[in-house]
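Chemist: could you work out the structure for the sequence below:
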Amino acid sequence: TDWLKSYDGRNNEPDQLPVKFPLLLAQGAEGIAVGMACKIMPHNFVELIEQSINHLRGKKVTILPDFLNGGMADFTNYNDGLRGGKIRLRAKIRKEDNKTLVVNEIPYGTTSSLIDSILKANDKGKIKIKKIEDNTAAEVEILIHLFPGVSPDKTIDALYAFTACETSVAPLGCVIEDNKPRFVRVSQMLKISTERTVQLLKSELEIQLAELEEQWHFASLERIFIENRIYRDIEEEETWQGVIKAIDLGLKPHVKHLKRAITEEDIVRLTEIRIKKISKFDIDKAKQFIE
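Modeler: Numbering: from 1, shown residues only. Okay, the predicted model is just below:
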């Protein structure tokens, strides 16, 4: 994570929080900026991972939206989420009996507006319904009760024609990149996200490597310090600087194999080693740890 100073300069705060998963595509997004609005559809978790793997293997990446509230969708003109594309969405309506229709899945973006649109169509005489019941809990269940003699099949056709049981959505893949708006295909968004994840994983490994190299460096110093009894060189020293210098001189013949120069901070850490640790120091165990 890259860090910046906070507004008052007293603390650090993240420049941005790195995300390894393409959250933007998983959750979708909607913005209302004039001329640069965005409408990115939600996508399926597993499909996003599978297509990320395809990109890493050099295969073609193809992703289509997936809606939590179900329904049917026609993606013929989806245009990979770019401006100018369109998705047709339909609720799933089934015939319970000759007097009852059940809606179990609804189009993306419609909730209470679906019922309102059915009631308005009924008021305008476009459809004929007796009453509507909303039994939605964990899952959607809207019951549409018909008058005797009204055709359920014709009512279903009318629901698609005159209510929000059929809608269309215009996707618009607009994102901010380098502080500028950019229109991007959803497949390209996934590729960028996947490459970013690879970079984050690489950075994590580099950080881990640096930490391990630092452990190796100090463990090697500690072994040299104790094995060669350099701690005895400081017995006659009366000043702190004298102690630092004596240890530095004592280490010099033994540190050619180290990967970096010895700092004063390293020497200070050596002076903090307890006598108990020195007396019980196991050279074989130390070698094994360093290896």
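
Chemist: so what touches stretch 175-190?
Modeler: 22, 24-25, 33, 36, 38, 40-41, 43, 48, 51-52, 55, 61-63, 80-83, 171-174, 192 (C-beta atoms under 8 Å, 6 or more residues apart in numbering). (Each C-beta comes from the backbone N, C-alpha and C, glycine too.)

Chemist: now that stretch, how far from the centre of its chain.
Modeler: In terms of C-alpha atoms, centre = their mean, to the nearest Å, the gap separating the centre of stretch 175-190 from the centre of its chain is 16 Å.

Chemist: from the opening residue of it to its closing one, how far?
Modeler: End-to-end distance of stretch 175-190 (C-alpha to C-alpha, to the nearest Å): 12 Å.

Chemist: give the buried residues for that stretch.
Modeler: 175, 184-190 (16 or more other C-beta atoms under 10 Å).

Chemist: farthest pair within these?
Modeler: 175 and 187 (13.2 Å; C-beta to C-beta).

Chemist: ok, back up a step: just the ones of the contacts of stretch 175-190 in helices?
Modeler: 24-25, 48, 51-52, 55, 192 (DSSP state H).

Chemist: how near is residue 158 to residue 232?
Modeler: 98 Å (C-beta to C-beta, to the nearest Å).

Chemist: now a ChimeraX select for only the buried ones of the contacts of stretch 175-190.
Modeler: In ChimeraX syntax, the buried subset of the contacts of stretch 175-190 is picked out as below (16+ other C-beta under 10 Å):
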select :22,24,25,38,40,41,43,48,51,52,55,61,63,80,81,82,171,172,173,174
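
Chemist: strands - which of the contacts of stretch 175-190 land there?
Modeler: 38, 40, 174 (DSSP state E).

Chemist: export stretch 23-34 to PDB, keeping only CA atoms.
Modeler: The C-alpha trace of stretch 23-34 is given here as PDB (Å, rounded to 0.1, in the frame of the first residue of the first chain):
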ATOM      1  CA  LEU A  23     -14.800  -5.700  -7.100                       C
ATOM      2  CA  LEU A  24     -16.100  -3.100  -9.600                       C
ATOM      3  CA  LEU A  25     -17.300  -5.900 -12.000                       C
ATOM      4  CA  ALA A  26     -18.600  -8.100  -9.200                       C
ATOM      5  CA  GLN A  27     -20.800  -5.400  -7.600                       C
ATOM      6  CA  GLY A  28     -21.400  -3.200 -10.600                       C
ATOM      7  CA  ALA A  29     -21.500   0.600 -10.400                       C
ATOM      8  CA  GLU A  30     -23.700   3.500 -11.300                       C
ATOM      9  CA  GLY A  31     -22.800   7.200 -11.600                       C
ATOM     10  CA  ILE A  32     -24.600  10.200 -12.900                       C
ATOM     11  CA  ALA A  33     -21.800  12.500 -14.100                       C
ATOM     12  CA  VAL A  34     -23.200  14.600 -17.000                       C
END
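
Chemist: quick check: mean pLDDT of that stretch?
Modeler: Averaging pLDDT along stretch 23-34 yields 89.

Chemist: can you map out the helices along the stretch 101-250 of the chain?
Modeler: 112-123, 152-162, 186-227, 240-251 (DSSP state H, counting those that start in this stretch).
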